[in-house]
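In: all I have is the shape, not the residue letters:
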């Protein structure tokens, strides 16, 4: 049947040619490829969200406590020190009051649950590099939702800003 995706059903509800039912055996290479692509997209999206949150904390736009569920204790302590050392903006100084914006973020996977990231961000006219590592870790649910147990999510475990 031309033009029908593998695993799709025809209009009468039967399996299309090459389609699979649950229990037909292990997924084929196409399903594995799709799963890898989706996992990569989730990892990249999570990393970007976490880095943006870190930038907002460093800019003073968010409290540092908002990082508790998305960074390790070491990274949290590192960001807390950076926030404490943050110079107050000087009116009229270029980049003194501008927010940091992520420009690019790339991931290099070191396993299914680990990746190294690197990228750039801008603040005013200055471009800086950011790099580190993210991993899938079990984290506690938010205080407002004690009905769930720990949930696995991408967490920033290393952070370097150059």
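Out: Looks like it arrived, so ask away. Remember, it's a predicted structure, so these values are computed and weren't measured experimentally. Numbers count the residues shown, from 1 in each chain.
In: mind giving me the packing neighbours of the longest helix along the chain?
Out: Longest helix in the chain, counting residues (DSSP state H): helix 29-59. Other helices and strands packing on helix 29-59, by 3 or more C-beta pairs under 8 Å, 6 or more residues apart in numbering; DSSP states H and E, are helix 73-85, strand 101-111, strand 114-123, strand 126-139, strand 151-161. In this view, the C-beta of every residue, glycine as well, is placed from N, C-alpha and C.
In: what's the angle from it to strand 151-161?
Out: In terms of direction (axes from the mean of the first three to the mean of the last three C-alpha atoms, to 10 degrees), helix 29-59 departs from strand 151-161 by 60 degrees.
In: in helix 29-59, what's buried?
Out: 43-44, 46-48, 50-59 (16 or more other C-beta atoms under 10 Å).
In: and which of the residues you listed is nearest residue 120?
Out: residue 51 (10.7 Å; C-beta to C-beta).
In: name the nearest residue to that closest one, ignoring sequence neighbours.
Out: In space, and not counting its chain neighbours, residue 51 is closest to residue 102: 5.8 Å by C-beta to C-beta, 6 or more residues apart in numbering.
In: wait, what's in contact with the one you found?
Out: Residue 102 sits next to 48, 51, 52, 55, 119, 120, 121 when contact means C-beta atoms under 8 Å, 6 or more residues apart in numbering.
In: reformat these as TSV; add pLDDT and distance to residue 70.
Out: Listed next are those as TSV, based on pLDDT from 0 to 100; distance: C-beta to C-beta, whole Å:
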residue	pLDDT	distance to residue 70
48	96	12
51	97	10
52	96	11
55	94	13
119	96	17
120	96	20
121	95	17
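In: show me the beta-bridge partners of the residue nearest to residue 51.
Out: Beta-bridge partners for residue 102, by DSSP bridges, are residue 121.
In: OK, contacts around residue 127?
Out: 103, 120, 121.
In: kindly report the same for residue 110.
Out: Residue 110 sits next to 116, 133 when contact means C-beta under 8 Å, 6+ apart.
In: any idea how far it is from residue 103?
Out: 23 Å (C-beta to C-beta, to the nearest Å).
In: please apply the same query to residue 78.
Out: Computed as C-beta to C-beta, the residue 78 to residue 103 distance reads 22 Å.
In: next one: residue 83
Out: Distance check for residue 83 against residue 103: by C-beta to C-beta, it reads 22 Å.
In: that'll do, ta.
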